[in-house]
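In: sequence first, then the predicted structure:
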Amino acid sequence: MDKTILAQKLAALSAEGDTFENGLRVISDGTEPPVLTAMLSEVDMTVLPRKLTFKMGASSVTLVAGGRRLRGLVSASKDIKGVIGVLGKKLSMDEKAVIDGLHGILDQFTKTADQLTVESDEPDAMGGQTDAGVRAAALAEYWEVALNSEPQTPLQQFLRDCAGFADAWVVMTDGADTTHHGDGARLEVLKGALADQWADFSTSVDQLAGESGMIALNNALGDGGSVAIVKAGNEAAVMCYAADNMTEIHNVWTSSKL
Amino acid sequence: MATEDLDDLHSKFPQCETIAFADLSTDMILITNSGAPQAREALDALCADAAKSLGKPGTPNFGDGESDTALIATRDQLTIFLRADGEPTDVLCCVCKPDLDVPAFLSAARPTLQKISSGS
């Protein structure tokens, strides 16, 4: 295995903060990561033969995977059509009809774009033969899906979850602007304020909220909007938002792993 | 009476243990809800935090606007400072538990601040 890929897998395995819903591991909120990406990433992480039951709302599909390959579909909930011809068939790139049929089934399954959970069990079918099935990476390429193998940090997840509430943000690492995103005009106002005031502001934030708290200041930028700051180690995310979104951003922080 | 207004707000939001009205021009807490558990030193520190987070008139903590609301969240405490409309040195300082219903509290706290600030 390529060392870079191996390093990414180990990083993903050691990433903190798996969330669980009724005992089932949540691997997507329906949009991030995209559901099919989350499912193929799960297959890509599966080395020993496992039966993976994915659930979204009232729908479910059960796949068998192993050796980072998807071996086949072993069950699907009754709301999913077109399973005959795919159910119980071993996947092979030589059988494109089965692979296309499975893609159609997963497309139905993922349509509701709801929270996706996975449960891993011992396989009771398709368990043997380690080279059986199709590599997750090959399926991703064939289905034109990006495999998301790099885990996000809690700060990145927080910013992703704030996407609907923040107009612009800057991530400061060791006091320097390392990443920024968002509305151009507001971003420029925010960057200007940070360039002038970061040192004093950062010190006051440490004094007020410690090294892992959150501060929101409504209308701090006047017409430029409000500002929230969240610190995580040597990083800090500074966001510009509309005052009405303050409680939403606080809710995201409360439920974050920061 | 201002104390009664603060007590009334506290009775509606018991997760907010301390509700204090402060004057940033003198750096003093002028009045608190009657059950506020903080000692004098802690109240002085609370007033200092209000000045530091909201900024005093003309010296904002961050940006060039005059913040009317500051929310400081840690995992075990939520502190909210509100600045009165028209009287930028009048602030309400609120020390709360993290499970406070923030939108509901803000809707109730701001009119209380305005009432005390205007002396009505």
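Out: Here it is on my side, so go on. Numbering: from 1, shown residues only, chains lettered A, B, ... in the order given.

In: poorly predicted segments of the stretch 101-250 of chain A, please.
Out: Low-confidence segments of the stretch 101-250 of chain A (pLDDT under 70): A:126-131, A:148-152.

In: what about stretch A:60-71, distance to the chain center?
Out: Distance of stretch A:60-71 from the chain centroid (C-alpha atoms, centre = their mean, to the nearest Å) equals 20 Å.

In: may I have it as CSV, with CA atoms only?
Out: Extracted C-alpha coordinates of stretch A:60-71, given in CSV (Å, rounded to 0.1, in the frame of the first residue of the first chain):
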residue,chain,number,x,y,z
SER,A,60,-31.2,0.5,4.8
VAL,A,61,-28.8,-1.3,2.6
THR,A,62,-26.4,-4.1,3.7
LEU,A,63,-23.1,-4.6,1.9
VAL,A,64,-20.3,-7.0,2.4
ALA,A,65,-16.8,-5.5,2.2
GLY,A,66,-13.3,-6.7,2.9
GLY,A,67,-9.7,-6.1,1.7
ARG,A,68,-10.9,-2.5,1.1
ARG,A,69,-13.2,-4.0,-1.6
LEU,A,70,-16.9,-4.0,-1.9
ARG,A,71,-18.0,-7.6,-2.5
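
In: distance of the nearest residue in space to B:D68 that is not next to it in sequence from A:G30?
Out: Once flanking residues are discounted, B:D68 sits nearest to B:R83: 4.7 Å by C-beta to C-beta, 6 or more residues apart in numbering or on different chains. Bear in mind the C-beta positions are built from the backbone N, C-alpha and C, glycine included. Per C-beta to C-beta, to the nearest Å, B:R83 is found 39 Å from A:G30.

In: same question for A:V47.
Out: Distance from A:V47 to A:G30, by C-beta to C-beta: 27 Å.

In: ok so, going back, mind listing what the residue nearest to B:D68 touches?
Out: Contacts for B:R83 (C-beta atoms under 8 Å, 6 or more residues apart in numbering or on different chains) come out as B:L54, B:E66, B:S67, B:D68, B:T69, B:D90, B:V91.

In: between those residues, which sits nearest B:L46?
Out: Set against B:L46, the nearest of the contacts of B:R83 by C-beta to C-beta is B:V91 (10.1 Å).

In: need the contact list for the closest one.
Out: B:V91 neighbours (C-beta under 8 Å, 6+ apart): B:F21, B:A22, B:D23, B:L24, B:A50, B:L54, B:F81, B:L82, B:R83, B:A84, B:L113.

In: among these, name the ones in helices.
Out: Judged by DSSP state H, helices contain the following of these: B:A50, B:L54, B:L113.

In: so which of those are also by chain A?
Out: B:L54 (C-beta under 8 Å from any C-beta of the partner chain).

In: looks like B:A36 contacts B:F21 (just checking).
Out: No - taking contacts as C-beta atoms under 8 Å, B:A36 lies outside contact range of B:F21: 11.1 Å.

In: and those two? Which one has more around it.
Out: B:F21 (23 against 20; other C-beta atoms under 10 Å in any protein chain shown).

In: isn't that one right up against B:L113?
Out: Yes - taking C-beta under 8 Å as the definition, B:F21 is a contact partner of B:L113 at 7.4 Å.

In: mutual contacts of these two, please.
Out: Shared contacts of B:F21 and B:L113, defined by C-beta under 8 Å, 6+ apart, comprise B:D90, B:V91, B:L92.
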